[in-house]
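Asks: got a sequence here, can you model it:
(one chain, ligands or ions: 2)
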Amino acid sequence: MITLIKLKKTSKVYGEQNNIIKALDNVDLEIEEGKVITIMGPSGSGKSTLLNLIGAMDNPTSGEIFVQDNEIGGLTERKLSKFRKEVVGFVFQNYYLLPNVDMLDNVLIPLIPYGISLQDKERAIKLLEMVGLRDRIHSKVGKLSGGESQRVAIARALINDPSVILADEPTGNLDSTTGKSIVELLINLTERGKTVIIVTHDHRIAKMVSEHPLGKNIWIKDGQLTDDPEFDIYGW
Ligand SMILES: Nc1ncnc2c1ncn2[C@@H]1O[C@H](COP(=O)(O)OP(=O)(O)OP(=O)(O)O)[C@@H](O)[C@H]1O
Ligand SMILES: [Mg+2]
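Replies: Ligands and ions are numbered 1, 2, ... in the order given. I've put the predicted structure just below:
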C-alpha cells in the first residue's frame with residue numbers, strides 16, 4: 001500500500017504566550033491510499049483542525065504534512081490552489097449549497113473560476129446519477145431533504161476527481177438511517193480509488209467503517225492521537 005497522507009510531528013497552536021491552545025499536539029500520522037478512515041474524539045479535540053490541515057485550508061504551526069508527495073507547507077500560492085482544486089474535496093455538516101440554484105449547477109460550482117465545458121456538465125450529471133439523484137438534476141436544492149443535500153455536496157466534492165475526500169461530520173444534521181446511507185456512499189468511494197476521511201461523533205459510523213476491509217478508526221483527544229480502546233467506551 002502507498003502512503004498518501006503523512007503528518008510528521010505536526011502541531012497547530014492558536015493564541016499567544018500564556019493563552020495558547022494546542023489544537024494539534026505533535027501528531028504523527030500515516031494514511032494509506034484507498035483507505036476509509038474515521039476520526040473520532042470529543043468536541044474541541046482537534047478533528048476539524050486535522051482535516052483542514054490535510055486539505056491545506058490552514059498551515060501547521062510546526063511539523064510537516066505530505067499529501068500525495070506534496071509537502072503542503074512548501075507549496076507556492078499557485079501550487080496550493082492547484083492542490084486544493086485537484087487533490088482534495090470537502091464535504092461539510094451544513095452542505096454549503098446554493099439554495100436558489102439547481103443541483104447540476106451546485107455540483108459545477110468549483111469549476112466556475114475555470115470555465116465550464118460540456119464535458120464538465122456530463123461529468124456532473126454522471127456524479128448526480130452515482131449519488132442517486134439523476135432524475136432531479138434541475139431541481140433547486142433549497143427544498144431538498146438533508147440526505148439529498150448531502151448527496152449533492154458529495155457529487156460537488158468529486159467534480160474535480162480528487163484523490164482525497166475530507167468529510168467533517170457529514171451526518172451531523174441527518175437522522176441515523178439517512179446518515180448510514182451517506183456513510184455507505186462515502187465508503188463506496190474507495191471502489192473508485194478515493195481515500196476517504198470522515199470526522200464523526202457517531203460510534204455506529206465508526207463501527208461501519210471499522211468493519212470494512214479498507215476501514216480504520218483513529219481517535220483524537222486534546223490534540224493527540226490515541227488508540228486506547230478504553231477511550232472508545234468511556235471517553236465522553
Ligand atoms: N481559529 C481558531 N482560533 C482559536 N482557537 C481555535 C481556532 N480553531 C480552533 N480552535 C481551538 O482549537 C481546538 C480544536 O478545535 P477543532 O475545531 O479542531 O475541534 P473539533 O474536534 O473539530 O471540535 P467539534 O467536535 O466541536 O467540531 C479547540 O479548543 C478550538 O477552540
Ligand atoms: Mg469540528
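
Asks: what about Lys9, neighbour count?
Replies: Lys9: 12 surrounding residues under other C-beta atoms under 10 Å. Every C-beta, even on glycine, is put in place using the N, C-alpha and C of the backbone.

Asks: helices and strands around the helix or strand where it lies, which ones?
Replies: For Lys9, the element it lies in under DSSP states H and E is strand 3-14. Other elements packing on strand 3-14 under the criterion 3 or more C-beta pairs under 8 Å, 6 or more residues apart in numbering; DSSP states H and E are strand 21-32, helix 47-54, strand 62-67.

Asks: so the last one versus helix 47-54, what angle?
Replies: Interaxial angle of strand 62-67 relative to helix 47-54 (axes from the mean of the first three to the mean of the last three C-alpha atoms, to 10 degrees): 70 degrees.

Asks: neighbours of the nearest residue to Lys8 once chain neighbours are set aside, just the number please.
Replies: Distance criterion C-beta to C-beta, 6 or more residues apart in numbering; nearest residue to Lys8, sequence neighbours excluded, is Glu64 at 4.5 Å. Other residues within reach of Glu64, judged by other C-beta under 10 Å, total 14.

Asks: for the one 10 residues further on, same thing?
Replies: Gly74 has 11 neighbours, counted by other C-beta under 10 Å.

Asks: and this structure, which residues reach ligand 1?
Replies: Contact residues (C-beta under 6 Å from any ligand atom) of the chain with ligand 1: 14, 21, 23, 41, 43-49.

Asks: just the strands in the chain please.
Replies: With strands called from DSSP state E, the chain shows them at 3-14, 21-32, 36-40, 62-67, 70-71, 88-92, 164-168, 195-199, 215-221, 224-226.

Asks: figure out which of the ones you listed is closest to Lys82.
Replies: Counting by C-beta to C-beta, Lys82 lies closest to strand 70-71 out of the strands of the chain; the figure is 9.4 Å.

Asks: contacting residues around that closest one?
Replies: If you take C-beta atoms under 8 Å, 6 or more residues apart in numbering as the criterion, strand 70-71 is touched by 64-65, 79, 83, 87.

Asks: for those, which ChimeraX command selects only the ones that are buried?
Replies: Buried members of these, defined by 16 or more other C-beta atoms under 10 Å, are picked up in ChimeraX with:
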select :65,83,87
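
Asks: now render the contacts of strand 70-71 as CSV, adding pLDDT.
Replies: Converted to CSV, the contacts of strand 70-71 look like this (pLDDT from 0 to 100):
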residue, pLDDT
Glu64, 96
Ile65, 97
Lys79, 93
Phe83, 94
Val87, 96
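
Asks: for the contacts of strand 70-71, which one is nearest ligand 1?
Replies: The nearest member of the contacts of strand 70-71 to ligand 1, counting by C-beta to the nearest ligand atom, is Ile65 at 15.0 Å.
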